[in-house]
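Provided below for reference: sequence and predicted model.
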Amino acid sequence: MASSSRSTKQLLQRLIPSASQDLQHILRTQRDTFWGETELKFRVRKYKKSDEERVSIVKPQLHHVKLYSKALRRMVPLEMTKDMLRTIEARGGLDEYLRKTPDWRLKSNVASNLRWEVMCALQRASTPQAQGTTRAAAKAGAAAQQASQAGL
């Protein structure tokens, strides 16, 4: 494990200047997109004539998509990688993905906030039904109690 972290540090030190700036920008803005488990890839190019090596970053493509949330009853505009889009589709949609994924695995402020909204909406949707059944049961119980008192 120590050798892999050492080799990663060496790669980062050998980054070309534009790739270094790209890396800093990605790390600053990574929490603003649905990034998920998508990894950054480093490309090492060796030039035969000069024996020079250049290290650059292969950035994942970010897509601007609108996904429908059944709980929120609206389209939600998001920026995500194609891997995240596939993961969300495989899990059964945006609401199911957010409901089943723990917060620490989301790795995104946008995803955490959206998860909170979806969970609150699902809670609100289930609460009135539960209150309605308890109210109906309470009314039925009160009517039965009044009937038994009238019979005494």
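In hand now; what should we look at?

quick one, what contacts residue 88?
In this structure, residue 88 makes contact with 34, 67, 80, 94, 97, judged by CB atoms under 8 Å, 6 or more residues apart in numbering. All C-beta atoms are positioned from the backbone trio N, CA, C, and that covers glycine.

cutoff 6 Å now
94, 97 (CB atoms under 6 Å, 6 or more residues apart in numbering).

So it belongs to a helix, correct?
Yes: checked against DSSP: H, G, I helix; E, B strand; the rest coil, residue 88 lies within a helix.

and residue 116, which of the three is it?
Residue 116 is classified as helix under three-state DSSP.

I'd like the distance between it and residue 109.
11 Å (CB to CB, to the nearest Å).

same thing with residue 40?
Distance of residue 40 to residue 109, given as CB to CB: 19 Å.

what do you get for residue 44?
As judged by CB to CB, residue 44 and residue 109 stand 32 Å apart.

before we move on, what about residue 38?
Applying CB to CB, the value for residue 38 to residue 109 is 16 Å.

between those two, who's got more neighbours?
More crowded of residue 38 and residue 109, by other CB atoms under 10 Å: residue 38, with 19 against 12.

And the pLDDT for the more buried one?
At residue 38, the pLDDT value in this model is 83.

for it, what are its contacts?
By CB under 6 Å, 6+ apart, the residues touching residue 38 are 60, 81, 83.

give me the number of residues near the first one?
Applying other CB under 10 Å, we find 19 residues neighbouring residue 60.

nearest spatial neighbour of it, skipping sequence neighbours?
In this structure, residue 60 finds its nearest non-sequential neighbour in residue 81, 4.6 Å apart by CB to CB, 6 or more residues apart in numbering.

The one you found pairs with what?
Beta-bridge partners for residue 81, by DSSP bridges, are residue 62.

Could you report the neighbour count for it?
Burial measure for residue 81: 19 neighbouring residues, criterion other CB under 10 Å.

how distant is the helix or strand hosting residue 67 from the center of its chain?
When elements are defined using DSSP states H and E, residue 67 is found to belong to strand 62-69. Distance of strand 62-69 from the chain centroid (CA atoms, centre = their mean, to the nearest Å) equals 12 Å.
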